[in-house]
Each structure stands twice: as C-alpha cells, then as structure tokens.
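Chemist: My questions are about this predicted structure, shown below with the sequence.
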Amino acid sequence: MKTSEFKGFYKLSPQQRLEEVAKFSSLTEEEVSLLAKTGALSIEAADHMIENVFSVMPLPMGIAVNFTINGKDYLIPMAVEEPSVVAAASNAARMARVKGGFFTSNTGPIMRAQIQIVNVADPYAARFKLFEAREKLIEIANSQDPMLISLGGGMKDLEVQIVPSPLGTMVVMHLIADTRDAMGANTVNTMAEALAPYIEQITGGKVYLRILSNLADKRLVRVRTVIDKETVGGEAVVDGIVWAYTFASVDPYRAATHNKGIMNGIIPAVTATGNDTRAIEAGAHAYAARNGRYTSLTVWEKNKDGDLVGTIEVPMAVGLVGGATKVHPVARLAVKILDVKSAVELGEVIAAVGLAQNLTALKALATEGIQRGHMSLHARNVAVAAGATPDIIDQVVAEMVKARKVRQDYAEELVKQVKK
Ligand SMILES: CC(C)(COP(=O)([O-])OP(=O)([O-])OC[C@H]1O[C@@H](n2cnc3c(N)ncnc32)[C@H](O)[C@@H]1OP(=O)([O-])[O-])[C@@H](O)C(=O)NCCC(=O)NCCSC(=O)C[C@@](C)(O)CC(=O)[O-]
Ligand SMILES: NC(=O)C1=CN([C@@H]2O[C@H](COP(=O)(O)OP(=O)(O)OC[C@H]3O[C@@H](n4cnc5c(N)ncnc54)[C@H](OP(=O)(O)O)[C@@H]3O)[C@@H](O)[C@H]2O)C=CC1
C-alpha cells in the first residue's frame, strides 16, 4: 500500500525527493530525467524559493509588442499557458498606438494591514483611543523597518472600523503604510504584529489577526486609452464593444468572464516578473465587488468623435523588491526587459496590458466571435496533443481551422491522413 506520509521530507535534497516521487508514482526513467531537467531556474535556486522542491514547471514566455504607455515604448514579457493571449495583447496595443497608446495615474504604493481586536467593552471609545495614540503607533510600526523609512516609506496613517459580527462587535484597526517598491505583505505584517501588544493595552481587548488586506484599495492604478474608430473596424464595432462592456457592467455572470479576460493580460505579466499572482487576483476581484455587486473592472465608452475610450482602475500590489522578484533570475530579466523604474510604474504597465487584453476579447466577441482568432492559435496545441510532428503541424492546423473543427478526434484523423 502506497503512503504519502513522510517524516522530514523537507530535509531531503531535490534529487532525493524526485526519487521518492518516482517510486510513489511509478515514473519511468525517461519521466524522471524530464523532471530533473531545469533551465534558467536552477534546482538549487528553486529549492531556496519554496519547500519540498523536486522539479520546476516551465511555462512559455511570450513578448507582447506595440505597447506605448505615457509616451514610452515597452516590450512586455508574458508567462502564460493559454494560446492567443499574447497575440491579442499585441493586437490591442497596435490599435491603441494610433491615438497615443495608454495614459496612466496611480494612488501610490500604499498598503493596508488589519488588526482584529475583540472583547472590547467600549468599542467606540477604543476607536478614539487608537486615534489619540496615532503618533506612538506610527513610531512603533516604523521602528521595524529603518530601510523602508530611509526610502520615504513606512506607516503613514490608521483607520479604525467598528465591525458587527455573529460573535460580537470587533474593532478593526487598519495600518496604512507606504511600501515603496515592495509588494509589502511581509513589511506590513511585521508592523502589524509589532503593534499588537500596545493595541491590546490601549483598547483593553484581545488582538487576534494581524495581516495585510489584499483589497489594496489605496494602491490603485488607472489606465486610459482612446481607440480610433476606423482602426477598430468602424463605429458599429465601437458600439458593439460598448454593448459588450455594458453587459459585464450589469450582469455578474458576464462580469466574471469579462474580468477573466482582463486577468489574461495581467496575470502573465505578474508571473513573468515573479510577483504574487494570488494577491493580484484576490485584490482585483474584491475590488470589482466593492460596492456589494460584482462588476466590470473596465469601462468602455464612445467619445464625441465616435472613437472608443477605455479605462481600467484596479489594485496593483506588485513589487520590484521582495518576494521572488529579485530571487528568480528570469523575473529579474523580465523586469530589465520592461525597463520599469518603480513598483508603481510596473503596476501601471501591467494594468495597461489588462485593458488591452479586454479590448481585443470584446472586439472579437462583439464581431466575429472568439473562436476564429483564439481557436486558430489553440489549434496548434490540439494538433500536438493529437500526435502531429513539427513537419505536419501547420497542415493539420490549417485543415482544422478551415473545417471549423478544432477537435482532438478530428486532429487525430488528420494526423493519420497526412502521415499516410
Ligand atoms: C488572435 C488575434 C490576435 C488574431 O487577429 P487577426 O485579426 O487574425 O490578426 P491580424 O493578422 O490582423 O493581426 C493583427 C495583429 O495581431 C497580432 N497577431 C496576430 N496573429 C498573431 C500571432 N499568431 N502571433 C502573435 N501576434 C499575432 C499582431 O500584433 C498583428 O499585427 P501585425 O504584427 O501583423 O502588424 C485576434 O483574433 C484577437 O485579438 N482575438 C482575441 C483573442 C483573445 O482574446 N484571446 C484570449 C483568450 S479567450 C479568453 O480566455 C477570454 C474571454 C474571451 O472569454 C474573455 C471575455 O469573454 O471577455
Ligand atoms: N496575503 C498576502 O498577499 C501575503 C503575501 N505574502 C508574500 O509577501 C511577499 C512580499 O512581501 P514584501 O514585504 O514585499 O517582501 P519583503 O519583505 O521580502 O521585501 C520588503 C523589504 O525590502 C526592503 N527594501 C529594499 N529596497 C526597498 C525599496 N526600494 N522599497 C521597499 N522596500 C525595500 C525593505 O526593508 P528591509 O531591507 O529592511 O527588509 C522592505 O521591508 C510575497 O512573496 C508575497 O507572496 C506574505 C504574506 C501574506
């Protein structure tokens, strides 16, 4: 009987772990040697990044071209498994260039951490006492990270909420901190933990959680673009895209897919730069539901000239230091290719890719449908999975697309025919 119970698995070397996995899963020698192969991320470097490492998971990284943002041109590395995403981003950026590309602003690299205080006899008075202690709280928090303070960051302010709950009223203090070029989770968590004893003393309550909020609504980036009506295909296409957006703005079933399309642009760039994709996903979707109803992260309108105008506002907690950003050698190079000088610039660029991605998806959906563009690129995956060798992939793909039958069974049939 196989067992997944291992004591001290983490003490093994990556090679020893791979051997254990191979035994457990009856991997062949060939399969083991595939898992042992690493590329730019060495197994030693990977082993320092996370726990129980036994291999690495390579992803394709494409370059989205044509982006011009605030008058500066960017090449955008995108690490993603889904076909047509990089093509669609480049396609959108090509259209946006005609009227100057993308224009941005931001609210600064401001994060919030929450400190949950329970069993407070007089929550409203406790709230005021916390405000009265503002300077001391800031002093304690900022003594944790002299480096950040020297860079102009650190705790800047606090907010306090009285939150009813089934277990009784909670006082929730929000620590508001400027984390400069860091995503800032570790930074604000350290501050929040340091403040807890003093907060208990002030409020007479008990502190439980001390953790950042991924609803980073003080770390917003805003991106705007104007798409020339002729470039996008005429005023009827503009109207179609505005209708497509409007659908997402009023219907959460559609908004979820619409925002997934935006994340098609955002997450690959976040991944390529070694940032935390879960934090970005959580922040974006929570922000999309901030008014109690889940809605679109973008807005598309028609201006007085009949051109299409798109905007996106989204939390963007990404960093250039901390986490994996400086540790992963490929992430470092992705940042070099992007040539961004600050975390907020990186955030703005990533949000521009999200807006671009949304444009081409909506254009396709409101006109010919998604399948022609997307499936013709996806067809390559289907062909390979059906056993097409490099010399016949193009032929199999062309046949599937022509017949509008991008399907595994049809691809297998074509592979057999072509190989005859
Ligand atoms: C797929 C395209 C770009 C084809 O587009 P097309 O109109 O056939 O392309 P084109 O030949 O006119 O080329 C236009 C530009 O697209 C780019 N491009 C064109 N082909 C390639 C390629 N092979 N590789 C790289 N880049 C490519 C390239 O920039 C090119 O400019 P050029 O270089 O020729 O001056 C277009 O149909 C498109 O943008 N479709 C949208 C695809 C999309 O959104 N995919 C995401 C996956 S679907 C999904 O998950 C989300 C969704 C849709 O559900 C979200 C939602 O519901 O809102
Ligand atoms: N809910 C969530 O999203 C959570 C996420 N995380 C993880 O936290 C990590 C990110 O935390 P983060 O705080 O960014 O990482 P780090 O703590 O690794 O890096 C931040 C530190 O880098 C130093 N630093 C050096 N240069 C700069 C600069 N220019 N700007 C800012 N700081 C600088 C600072 O001080 P010093 O030199 O003194 O260290 C700062 O405290 C990610 O891996 C994320 O996955 C963790 C917990 C929860």
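Modeler: That came in fine, so what should we check first? None of these values were measured; they are calculated from a predicted model. Ligands and ions are numbered 1, 2, ... in the order given.

Chemist: wait, what's in contact with whichever residue of the stretch 301-420 of the chain sits closest to ligand 2?
Modeler: Per CB to the nearest ligand atom, G322 is where the stretch 301-420 of the chain lies closest to ligand 2, at 2.4 Å. Bear in mind the C-beta positions are built from the backbone N, C-alpha and C, glycine included. Contacts for G322 (CB atoms under 8 Å, 6 or more residues apart in numbering) come out as 182-184, 186-187.

Chemist: Name the member of those with the most neighbours.
Modeler: Ranked by the number of neighbours (other CB atoms under 10 Å), the contacts of G322 place G184 first, at 31 neighbours.

Chemist: Spatially nearest residue to that one (excluding sequence neighbours)?
Modeler: M111 (4.2 Å; CB to CB, 6 or more residues apart in numbering).

Chemist: near ligand 2 at all, the helix or strand containing that neighbour?
Modeler: Element membership for M111 (DSSP states H and E) is strand 110-118. No: using CB under 6 Å from any ligand atom, strand 110-118 never reaches ligand 2; the gap is at least 8.5 Å.

Chemist: For that strand, what is the distance to the chain centroid?
Modeler: 22 Å (CA atoms, centre = their mean, to the nearest Å).

Chemist: Determine the angle, from 0 to 180 degrees, between the helix or strand following it and strand 110-118.
Modeler: Using DSSP H and E, the helix or strand that follows strand 110-118 in sequence is helix 123-132. Orientation check (axes from the mean of the first three to the mean of the last three CA atoms, to 10 degrees): helix 123-132 against strand 110-118 gives 140 degrees.

Chemist: Next, the angle strand 110-118 makes with the helix or strand following helix 123-132.
Modeler: Per DSSP H and E, the first helix or strand lying C-terminal to helix 123-132 is helix 134-142. Per the same axes, to 10 degrees, the angle that helix 134-142 makes with strand 110-118 is 110 degrees.

Chemist: Can you tell me what sits against helix 134-142?
Modeler: Contacts made with helix 134-142 from outside it, assessed by CB under 8 Å, 6+ apart, are listed as 130, 148-149, 154-158, 175, 177, 191-192, 194-195, 198-199.

Chemist: So for the next helix or strand after that helix, what gets flagged as buried?
Modeler: Toward the C-terminal end, the helix or strand that comes next after helix 134-142 (DSSP H and E) is helix 146-150. Within helix 146-150, the residues that qualify as buried are 148-149, counting by 16 or more other CB atoms under 10 Å.

Chemist: For helix 146-150, give the mean pLDDT please.
Modeler: Here helix 146-150 scores 95 as its mean pLDDT.

Chemist: Mind checking if that helix is in reach of ligand 2?
Modeler: Yes: Helix 146-150 reaches ligand 2 (CB under 6 Å from any ligand atom) through 147-148.

Chemist: and the stretch 251-400 of the chain, which of its residues are near ligand 2?
Modeler: Counting by CB under 6 Å from any ligand atom, the stretch 251-400 of the chain sits next to ligand 2 at 276, 279, 319, 321-323.

Chemist: among those, which ones are buried?
Modeler: The neighbour count (16+ other CB under 10 Å) marks 276, 279, 319, 322-323 as buried among those.

Chemist: Give me the subset of those residues lying in helices.
Modeler: Secondary structure assignment by DSSP state H places A279 of these in helices.

Chemist: Could you pull out the helices in the stretch 101-250 of the chain for me?
Modeler: 123-132, 134-142, 146-150, 185-203, 229-232, 235-250 (DSSP state H, counting those that start in this stretch).

Chemist: List the buried residues for the fifth one?
Modeler: What it means is helix 229-232. So helix 229-232, judged by 16+ other CB under 10 Å, has buried residues 229, 231-232.

Chemist: can you check the longest one too?
Modeler: For helix 185-203, burial by neighbour count (16+ other CB under 10 Å) applies to 185, 187-192, 194-196, 198-200, 202-203.

Chemist: hang on, the earlier thing: closest to I267 out of the contacts of G322?
Modeler: For the contacts of G322, the residue nearest I267 by CB to CB is M183; the value is 14.8 Å.

Chemist: rewinding a little: please identify which of the helices of the stretch 101-250 of the chain is closest to ligand 1.
Modeler: Ligand 1 sits nearest to helix 235-250 of all the helices of the stretch 101-250 of the chain, at 7.4 Å, using CB to the nearest ligand atom.

Chemist: got the contact list for the closest one?
Modeler: The contact list for helix 235-250 (CB under 8 Å, 6+ apart) reads 227, 229, 232, 254-255, 257-259, 295-296, 298-302, 306-308, 359, 362-363, 365-367.

Chemist: Return only those of the contacts of G322 found close to ligand 2.
Modeler: 182-184, 186-187.

Chemist: which stretches of the stretch 301-420 of the chain form strands?
Modeler: 308-315 (DSSP state E, counting those that start in this stretch).

Chemist: Is the nearest residue to F103 once chain neighbours are set aside bridged to anything, and to what?
Modeler: Setting aside the residues directly before and after it, F103 is nearest to R224 in space (CB to CB, 6+ apart), at 4.9 Å. In this entry, R224 is beta-bridged to F103, T311, by DSSP bridges.

Chemist: R224 reaches G310, doesn't it?
Modeler: Yes: between R224 and G310 there is a contact under CB atoms under 8 Å: 7.2 Å.

Chemist: ok, the two, which is more surrounded?
Modeler: When neighbours are counted by other CB under 10 Å, R224 and G310 differ, and G310 comes out ahead with 24 against 16.

Chemist: Now do the contacts for that one.
Modeler: Contacts of G310 by CB under 8 Å, 6+ apart are 224-225, 227, 298-301, 355, 358-359.

Chemist: Check L359 too.
Modeler: The contact partners of L359, taken as CB under 8 Å, 6+ apart, are 92, 95-96, 225, 227, 241, 300, 308, 310.

Chemist: want to throw these into TSV with distance to ligand 1 and pLDDT?
Modeler: Below are the contacts of L359 laid out as TSV (distance: CB to the nearest ligand atom, whole Å; pLDDT from 0 to 100):
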residue	distance to ligand 1	pLDDT
A92	7	98
M95	9	98
A96	12	98
T225	15	98
I227	13	98
I241	11	98
W300	11	98
L308	15	98
G310	13	98
